[in-house]
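# test case, fold it:
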Amino acid sequence: MRECCDILVLDLAAPSPWARTLFDTVAGCSDGRLRVHAQSVLEANPESHEEAVRTITLIVKPHLMLLALLSNSMNVAAAVVRGARDVQPDLPIIAAFEDCPPDEAMQLFGAGISDFVILPTTSGNVLPRIWRLLGCAEGEQLQPVHPTRIAGMRQLIGSSPKFLAAIGNVPRIASCDANLLILGETGSGKELCARAVHHLSRRGHKPLIPVNCGAIPVDLLENELFGHETGAYTSASSHQGGLVGEADGGTLFLDEIDCLPLAAQVKLLRFLQDKSYRPLGSPRYLSADVRLIAATNVDLDLAVKRGAMRMDLYYRLNILSVHLPPLRERREDIPALARHFASKYATEFRKPPMTLSVNAMRKLLVHPWPGNVRELEHVIERAVALTSGTAISDSDVLLERSEGASCAASFREAKAQAVVEFEKNYIRGLLVASQGNITKAAQQAHKNRRAFWELVRKHQIDVNVLRAAVKQ
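So this is what the prediction gives:
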């Protein structure tokens with residue numbers, strides 16, 4: 001197989017969701033040996049499809065073409081294939097279509113396509129065809145990329161072992177429709193994770209409807225979710241469709257699911273069982289094809305024991321789960337996150353590119369971050385807004401003092417746990433600040449190198465992972 005191959009995703013519409021899905025599927029599984037390009041025939045030349053595809057093929061010079069077809073574009077597909085082959089007679093072409101009668105599929109093979117896939121498709125379906133047509137030897141298949149480089153997951157920033165272990169199954173979770181429960185403290189990135197799952201799924205071209213169950217008054221939640229008919233209650237002067245209906249075909253994301261009142265839980269459970277629901281005041285049931293993703297920052301086992309969460313609903317929600325670690329347990333990700341937010345807000349505020357001083361970074365690394373990634377983002381946003389130069393100093397980093405959390409354990413147990421957490425987080429912070437240099441970190445801690453190294457071993461801290469994360 002070649003060192004690097006160019007894959008052209010050619011869209012006969014302008015644009016179509018299937019072309020976007022094909023692009024993300026291939027780009028997300030490349031290890032750098034595939035360069036994926038996306039072009040639209042209509043945008044290149046709406047007057048002549050054949051001329052457009054000739055021009056695009058001459059410019060991109062692809063090693064393989066993926067042709068995204070809609071049902072109303074089948075009549076021009078054969079002409080497009082012929083146009084591409086006029087420029088590159090041996091170009092492998094894979095046609096991708098949602099539905100195609102056998103006689104039309106045979107016409108496409110007659111025009112010169114090499115293979116076809118039925119949409120929606122998965123990487124496991126389309127990539128083997130690409131490998132075969134590119135002449136990839138057996139055992140030479142492309143390896144999966146770093147999870148955070150997959151299209152749809154690029155906002156999930158981090159390379160710490162705990163974080164990667166949490167999000168490593170996201171692409172596989174996205175490939176099925178089972179209910180998903182995302183667990184994690186406030187600000188740890190639960191909604192970003194839900195969006196990644198939605199974007200990577202077959203529902204990615206349909207709506208994602210987020211609902212914060214804790215932000216809607218209890219007496220209005222059922223109405224918001226399932227809607228109502230005219231006259232359902234005193235002020236219901238017109239029909240209103242619920243958020244479940246809006247999410248039809250897509251994903252419903254229920255954040256703070258623990259705040260859902262018991263009456264709404266019963267209705268939600270019924271909906272999860274057979275995808276049917278009844279709006280307030282309606283005599284009939286409606287149906288919606290919706291995948292449910294729920295999130296919470298509380299222990300749902302305890303909520304079930306307290307009677308605040310129905311056990312049967314909990315089991316329905318917890319078919320698949322992702323547990324996002326708090327930021328204090330993945331401090332090695334702080335530099336990458338801080339740089340990402342500095343770049344984001346410098347662009348948003350129309351400022352030059354921003355850097356962070358060593359002292360500013362050290363200040364970020366030792367903070368406990370009770371608000372997790374969201375708190376870090378707000379701190380960097382404020383620093384970028386207030387900084388007059390191009391470097392964020394430690395005086396620009398304004399942090400809130402955090403109060404210690406209460407604990408129901410005994411004083412001795414609580415103290416022991418606090419010491420362990422302090423040692424682990426303190427050592428991680430020093431190692432990140434010193435870029436993994438044990439000697440420098442020991443000097444900053446005012447400990448000899450051997451004693452410091454013993455602490456590193458005691459807490460099973462991987463210095464190589466920390467060093468690599470800081471250098472990224």
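# can you list the buried residues in stretch 180-193?
Judged by neighbour count using 16 or more other C-beta atoms under 10 Å, the buried positions of stretch 180-193 are 180-185, 187-193. C-beta coordinates here come from the backbone N, C-alpha and C atoms, glycine included.
# tell me the two of these that are most distant?
Spatial extent of the buried residues of stretch 180-193 (C-beta to C-beta) is set by the pair 180 and 187 at 19.4 Å.
# domain ranges for the chain?
According to automatic domain parsing, the chain comprises the domains 5-133, 161-323, 329-471.
# let me have these in TSV, adding distance to residue 155 and mean pLDDT as columns.
Putting the domains of the chain into TSV (distance: least, C-beta to C-beta, whole Å; pLDDT from 0 to 100) gives the following:
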stretch	distance to residue 155	mean pLDDT
domain 5-133	14	78
domain 161-323	5	88
domain 329-471	9	83
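# make TSV out of the ones you listed and add distance to residue 153.
Formatted as TSV, these follow (distance: least, C-beta to C-beta, whole Å):
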stretch	distance to residue 153
domain 5-133	8
domain 161-323	5
domain 329-471	14
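# nearest to residue 154, out of those domains?
For the domains of the chain, the distance to residue 154 is smallest for domain 161-323, at 8.8 Å, taking C-beta to C-beta.
# so residue 81, which of the three states?
Secondary structure state of residue 81, per DSSP: H, G, I helix; E, B strand; the rest coil, is helix.
# my read is that it contacts residue 112, right?
Yes - if you go by C-beta atoms under 8 Å, residue 81 and residue 112 touch, sitting 5.0 Å apart.
# neighbour count: these two, which is higher?
A count of neighbours by other C-beta atoms under 10 Å puts residue 81 above the other of residue 81 and residue 112, at 26 against 15.
# can you tell me the closest non-neighbouring residue to the more buried one?
Excluding the flanking residues, the one nearest residue 81 by C-beta to C-beta, 6 or more residues apart in numbering is residue 111, at 4.3 Å.
# what do you get for residue 197?
Distances taken as C-beta to C-beta, 6+ apart put residue 174 closest to residue 197, at 4.7 Å, once the chain neighbours are dropped.
# could you do residue 256 as well?
With C-beta to C-beta, 6+ apart as the criterion, residue 256 has its nearest non-adjacent residue at 3.8 Å, and that residue is residue 214.
# which neighbours do residue 81 and residue 112 share?
Listed contacts common to residue 81 and residue 112 are residue 93; contacts here mean C-beta atoms under 8 Å, 6 or more residues apart in numbering.
# mind checking which of the buried residues of stretch 180-193 land in helices?
190, 191, 192, 193 (DSSP state H).
# can you pull the contacts of residue 380?
Taking C-beta under 8 Å, 6+ apart, we find residue 380 in contact with 338, 341, 342, 345, 392.
# list the buried residues in the helix or strand hosting the second one.
By that I understand residue 341. Assessed by DSSP states H and E, residue 341 sits inside helix 334-348. Using 16+ other C-beta under 10 Å as the test for burial, helix 334-348 gives 334, 335, 336, 337, 338, 339, 340, 341, 342, 345, 346.
# and the first one, what does it touch?
Under the criterion of C-beta under 8 Å, 6+ apart, the contact list for residue 334 reads 327, 361, 364, 365, 376, 432.
# save these as JSON lines, and put in secondary structure too.
Shown next, in JSON lines, are the contacts of residue 334 (three-state DSSP):
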{"residue": "327", "secondary structure": "helix"}
{"residue": "361", "secondary structure": "helix"}
{"residue": "364", "secondary structure": "helix"}
{"residue": "365", "secondary structure": "helix"}
{"residue": "376", "secondary structure": "helix"}
{"residue": "432", "secondary structure": "helix"}
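# let me have those residues in CSV, extended by neighbour count and distance to residue 287.
Converted to CSV, the contacts of residue 334 look like this (neighbours: other C-beta atoms under 10 Å; distance: C-beta to C-beta, whole Å):
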residue, neighbour count, distance to residue 287
327, 27, 41
361, 20, 53
364, 26, 49
365, 22, 51
376, 22, 42
432, 24, 51
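# ok, so of these, who is nearest residue 19?
Set against residue 19, the nearest of those by C-beta to C-beta is residue 376 (35.7 Å).
# mind jotting down where the helices sit in the stretch 201-350 of the chain?
Secondary structure of the stretch 201-350 of the chain (DSSP state H, counting those that start in this stretch): helices at 218-226, 243-246, 262-274, 300-306, 311-317, 334-348.
# name the helices or strands packed onto the third one?
Helices and strands touching helix 262-274, by 3 or more C-beta pairs under 8 Å, 6 or more residues apart in numbering; DSSP states H and E, are helix 218-226, strand 276-277, helix 311-317.
# redo these as CSV? Include distance to residue 25 and mean neighbour count.
Below are the helices and strands packed on helix 262-274 laid out as CSV (distance: least, C-beta to C-beta, whole Å; neighbours: other C-beta atoms under 10 Å):
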stretch, distance to residue 25, mean neighbour count
helix 218-226, 32, 18
strand 276-277, 32, 17
helix 311-317, 28, 17
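# okay if I get those as JSON lines plus distance to residue 288?
Output for those, formatted as JSON lines (distance: least, C-beta to C-beta, whole Å):
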{"stretch": "helix 218-226", "distance to residue 288": "10"}
{"stretch": "strand 276-277", "distance to residue 288": "7"}
{"stretch": "helix 311-317", "distance to residue 288": "16"}
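# of the ones you listed, which approaches residue 440 most closely?
Going by C-beta to C-beta, the one of the helices and strands packed on helix 262-274 nearest residue 440 is helix 311-317, 46.8 Å.
# which residues does that closest one contact?
Residues from elsewhere that reach helix 311-317 (C-beta under 8 Å, 6+ apart): 179, 181, 257, 265, 268-269, 272-273, 292, 294, 300-301, 303-304.
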